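Asker: the following comprises the amino acid sequence and a computationally predicted model.
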Amino acid sequence: MQSPLDRVISVPPAPDRPSGPTWLVTPGIAPARFHTAVGSGAEVVLLDLEDSVPAGSKADARAAVLAFTDVRTRRSGWPLLGVRINAVDGAEGLRDLAAMDEGTLKPDLVVVPKVESGREIEAVVQAVCGAQAAPKVWALIESPRGVVALPDIVHTPGLSGVLFGAADYAAAAGCQLTCRAMWYPRAQLVTAAAAASIPAVDSPFFSLDDQDGLRRDALEAVELGFAGKVAVHPRQLSVIAQAFAPSPRELEAARAVLDAASLAAQAGGAITTADGVMVGPPLVEAALAVVRRAGHRPAVTTSVTKAS
């Protein structure tokens, strides 16, 4: 019987996961920034049709994003290209859905804002499912109602991931936009996403000149279990990337765990030690996660199995 470690090593990452931890959001009303965004080094570029676009400019923004996401304009080596549509319970959101249904909006992924139930995701999944290359659908959770409804939302068929919107959540909850105030909803989001085997991406850090604050916030996102973090400016990307990349010491320790696990498995053992620390299946899984964050495949080909 194949063990959890064998499965992780032998099976490639799920195709609906982002290619990396760095996301960059760009206003859909600013097409001059689109090419800058795709050349910024972000793994996912998110063109925004919602909050950053004034009500009177929605049609212009939609037209600009439609032109940019057309498959004929795509270049090899580009990051994943996403679109945050308008809320699906309003007229602009319905127009965005119509554009996707007509096949004129062709992003790699679609982010649905202000999600508070699985029904909103179902509507978007239905709208995009007929496309030749249907985009992945992500839910943006940015309200207390959305957090409470997470068990329903994350298990909606067709959902590929969730993002957290801290600013809207803080406004709706009447709390401050601080790390301490955001611990609970962020932990809830990561827990629900993990239960549904989908990734969670953290909210932006909005203080553009506070690189130390961004670093602390990004490291906390890693600690909580987020798969990535959204940037609101290209200069935030390197800090986020560094936070999500394991340090040489972390990588060395993870490889020591995997090496010890291989030796134990070859000797027929279930549990071993590495650097004086007992190693069992949970620590092996954690070591594999560190290696994957570094972008490397583990060299180990056998695994520690749980003792019966």
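Answerer: In hand now; what should we look at?
Asker: what about Thr178, distance to Phe244?
Answerer: In this view, Thr178 and Phe244 are 22 Å apart by CB to CB, to the nearest Å. In this view, the C-beta of every residue, glycine as well, is placed from N, C-alpha and C.
Asker: between those two, which one's more packed in?
Answerer: Phe244 (20 against 10; other CB atoms under 10 Å).
Asker: burial measure for the closest residue to that one other than its chain neighbours, as a count.
Answerer: Nearest-residue entry for Phe244: Pro21, 3.9 Å, with adjacent residues in sequence omitted and distances by CB to CB, 6 or more residues apart in numbering. A total of 26 residues lie near Pro21 under the criterion other CB under 10 Å.
Asker: just use 32 as the starting number from now, easier for me
Answerer: Sure, I'll start numbering at 32, so the last one becomes Pro52.
Asker: quick one, helices of this structure?
Answerer: Counting by DSSP state H, the segments of the chain that form helices are 35-41, 65-69, 89-100, 122-132, 149-159, 175-179, 181-184, 197-204, 210-226, 242-255, 268-275, 279-297, 312-324.
Asker: what's across from the residue nearest to Ala272 when sequence neighbours are not counted in the sheet?
Answerer: Closest residue to Ala272 in three dimensions, ignoring its sequence neighbours and counting by CB to CB, 6+ apart: Thr53, at 5.3 Å. Going by DSSP bridges, Thr53 is paired in beta bridges with Lys260.
Asker: thought Ile172 was touching Asp183?
Answerer: No. At 11.7 Å, Ile172 and Asp183 do not qualify as touching, with contact defined as CB atoms under 8 Å.
Asker: state the number of residues packed around the spatially closest residue to Ala198 that is not a sequence neighbour.
Answerer: On the basis of CB to CB, 6+ apart, the spatially nearest residue to Ala198 that is not a chain neighbour turns out to be Leu208, at 6.2 Å. Leu208 has 15 neighbouring residues, counting by other CB under 10 Å.
Asker: what does Leu208 show for phi and psi?
Answerer: Summarising the backbone geometry of Leu208 under the convention degrees, to the nearest 10, its torsions are phi -90, psi 70.
Asker: in contact with Val221, which residues?
Answerer: Residues touching Val221, when contacts are defined by CB atoms under 8 Å, 6 or more residues apart in numbering, comprise Ala231, Leu255, Gly256, Phe257.
Asker: and those residues, which is closest to Val159?
Answerer: Closest to Val159 out of those is Ala231 (21.0 Å), distances taken as CB to CB.
Asker: list the residues that contact the closest one.
Answerer: Taking CB under 8 Å, 6+ apart as the contact definition, Ala231 lies against Gly192, Val193, Leu194, Phe195, Leu220, Val221, Ala224, Ala225, Gly256, Phe257, Ala258.
Asker: and the last one, how many neighbours?
Answerer: By other CB under 10 Å, 21 other residues sit near Ala258.
Asker: got it, and the fourth one?
Answerer: By other CB under 10 Å, 27 other residues sit near Phe195.
Asker: now the first one
Answerer: Neighbouring residues of Gly192 were enumerated by other CB under 10 Å; the total is 23.
Asker: wait, isn't it in contact with Ala227?
Answerer: No. Counting by CB under 8 Å, Ala227 is not a contact partner of Gly192; they are 9.6 Å apart.
Asker: follow-up on the earlier one: and the two most separated of the contacts of Val221?
Answerer: Ala231 and Leu255 (8.6 Å).
Asker: follow-up on the earlier one: more neighbours, Ile172 and Asp183?
Answerer: The residue with more neighbours, out of Ile172 and Asp183 and counting by other CB under 10 Å, is Ile172; that gives 30 against 14.
Asker: the domain parsing of this structure - what is it?
Answerer: 53-275, 277-339 (automatic domain parsing).
Asker: and these as CSV, adding mean pLDDT?
Answerer: CSV is the format used below for these (pLDDT from 0 to 100):
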stretch, mean pLDDT
domain 53-275, 92
domain 277-339, 60
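Asker: residue contacts, Ala118?
Answerer: Applying CB under 8 Å, 6+ apart, the residues near Ala118 are Glu81, Gly124, Val143, Pro144, Lys145.
Asker: tell me the one of the residues you listed nearest Asp248?
Answerer: The shortest separation between Asp248 and any of the contacts of Ala118 is 21.2 Å, and it belongs to Pro144 (by CB to CB).
Asker: is the most centrally placed residue in the chain bridged to anything, and to what?
Answerer: With distances taken as CA atoms, centre = their mean, Val232 lies nearest the centre of the chain, 3.6 Å away. When assigned by DSSP bridges, Val232 has beta-bridge partners Leu194, Gly259.
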